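**Student:** Got a predicted model here, sequence first, then my questions.
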Amino acid sequence: MTAPLPANHPLRLELNDEVHARPPEALSAPLRLSFLALLSDWSTREREREHVAALAARFDVAPPHSSANHYSADLGPFRIKWERHSEFSRYKFIVAGASADPFAEPALARVPEDWLAQLQGQTMVAAHVGLLAGAREAIDHDEISARCFGGNTLVGSHIAGGAGTALTDLRVRPDGFTRWYVIDRGMTPRQAGRIVQRLLETDTYRLMALLALPVARELVPILNNSERELARISSALANAVDQDEPVLLDKLTQLEAQIDSRTSENHYRFSAAAAYYELVQRRIAELREERIQGLQTFQEFTERRLAPAMNTCRAAALRQDALSERVARATQLLSTRVDITRERQNQAVLESMNRRAKLQLRLQETVEGLSVAAVTYYIVGLVGYAAKGLKAAGMHLNPELAMGASIPLVAILVALGVRKIRRAVTRTA
């Protein structure tokens, strides 16, 4: 009896089945295969699935389910395999049987033309594959080139430990297709399917990786201009005075915004290129190539141009990141200088305010003295008037003497009153 287990994680089965997703088609020689890799946005996935479902309906075959990202079915005249990836979709059309020239009637000729005309996306890869049976003996690649490739120089090798041979010129012919000539020298159907898929994936990922090369080339002059602008700003910064700092900071801010905008635009493309390049290298390694005398292997031919292109993209990405860091450091340095300048200006303002406060205090003390004198003068005048009145009433008083005697007392009382008022105002403030 099986022991009871805790409940499954909601994603357990989905994650477990991911390893079985998109299995290679089992291929038995002889056959013809047509392959399309169409660049398209993920948002078109539902329309692509519906288009594949419409093709299946024409041949009374069950369509893909509503959430499918891949589909494989035998429609009678041909087999179809559809796979949706993050940036592109792949279509394989397979027809059994092939003549000595497997490209004379490609598998795509069996697919309805009106259906093909409504496919979503832009063509990145279009290829015809001929899988033929052959013995383990030397092949005449010159004869194959003359018969199937217009005499072009071929690239190829024995693959799968010698169980197969693959040849191509990797040239897009006038019909828009490249050609792959694969000889089955003892592969199982599953092995043949994996080999053909790896060959086509190598070509697809190679082109997808190279999408970053035009971006890198366009970026070089922009980086040159930005580096020169940064050099000019840094040179000006070394000799800048306080009045120049806000202008330089504004220029640096604008330069940093431009670089960040460019980085946001092409970061994904460069990252994707690195991932595709790694896939190309992995797929070529899985071919287990053995050299055919006189021919370049797939690894040699691919690395000859792809590796320098990827180095260019990597250098552009690193240069862009380094420039962004340099601009950020310069902006931080200038911001620090601006902050120090502001603190120095604030300190000068505070010192000026302190001086004004001292002057105001002295002026206030002067005004207080004058106020005491003025008030004393008026009060003493009132005392004089009062003394004169009393004298007129018959009292024996000397008004002048009374006024003179009252001056010290009045002055002291007025001074004490003014001081008390100032203390009360100070406590209130």
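**Tutor:** Okay, I see it. Computed from a predicted model, the values in this text were never measured in an experiment.
**Student:** any residues touching stretch 152-171, and which ones?
**Tutor:** Residues from elsewhere that reach stretch 152-171 (CB atoms under 8 Å, 6 or more residues apart in numbering): 134, 136, 139, 141, 144-145, 149, 178-187, 191-192, 195, 199, 203, 287-292, 295-298, 301. Bear in mind the C-beta positions are built from the backbone N, C-alpha and C, glycine included.
**Student:** For the residues you listed, I'd like a selection string for ChimeraX - just the buried members, please.
**Tutor:** To isolate the buried ones among the contacts of stretch 152-171 in ChimeraX, judged by 16 or more other CB atoms under 10 Å, type:
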select :139,141,144,145,149,178,179,180,181,182,183,184,185,187,191,192,195,199,203,287,289,292,295,296,297,298,301
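**Student:** Give me the subset of the contacts of stretch 152-171 lying in strands.
**Tutor:** Using DSSP state E, 178-184, 290-291 are the members of the contacts of stretch 152-171 that sit in strands.
**Student:** Please name the residues that touch residue 77.
**Tutor:** Going by CB under 8 Å, 6+ apart, residue 77 touches 59, 95, 110.
**Student:** So, low pLDDT: which residues of the stretch 301-429 of the chain?
**Tutor:** Across the stretch 301-429 of the chain, the ranges flagged by pLDDT under 70 are 361, 363-370, 425-429.
**Student:** Most neighbours among the contacts of residue 77, which one is it?
**Tutor:** Highest neighbour count within those: residue 95, with 20 neighbours (other CB atoms under 10 Å).
**Student:** State the distance from the nearest residue to residue 99 once chain neighbours are set aside to residue 130.
**Tutor:** Nearest residue to residue 99 in three dimensions, chain neighbours excluded: residue 105, at 7.8 Å (CB to CB, 6 or more residues apart in numbering). From residue 105 across to residue 130, the span is 10 Å (CB to CB, to the nearest Å).
**Student:** Of these two, which one has the most company?
**Tutor:** Ranked by neighbour count (other CB under 10 Å), residue 105 and residue 130 place residue 130 first, with 25 against 15.
**Student:** Can you give me the domain boundaries for this structure?
**Tutor:** Here the domain parsing of the chain from automatic domain parsing is 20-195, 212-348, 360-428.
**Student:** now those domains as a markdown table including distance to residue 5?
**Tutor:** Shown next, in a markdown table, are the domains of the chain (distance: least, CB to CB, whole Å):
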| stretch | distance to residue 5 |
| --- | --- |
| domain 20-195 | 22 |
| domain 212-348 | 36 |
| domain 360-428 | 80 |
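**Student:** for the lengthiest helix in the chain, packing partners?
**Tutor:** Counting residues, the longest helix found in the chain (DSSP state H) is helix 298-392. The helices and strands touching helix 298-392, judged by 3 or more CB pairs under 8 Å, 6 or more residues apart in numbering; DSSP states H and E, are strand 155-159, helix 189-210, helix 212-238, helix 245-287, helix 399-428.
**Student:** Identify whichever of these lies nearest to residue 72.
**Tutor:** For the helices and strands packed on helix 298-392, proximity to residue 72 was assessed by CB to CB; helix 189-210 is nearest, at 10.9 Å.
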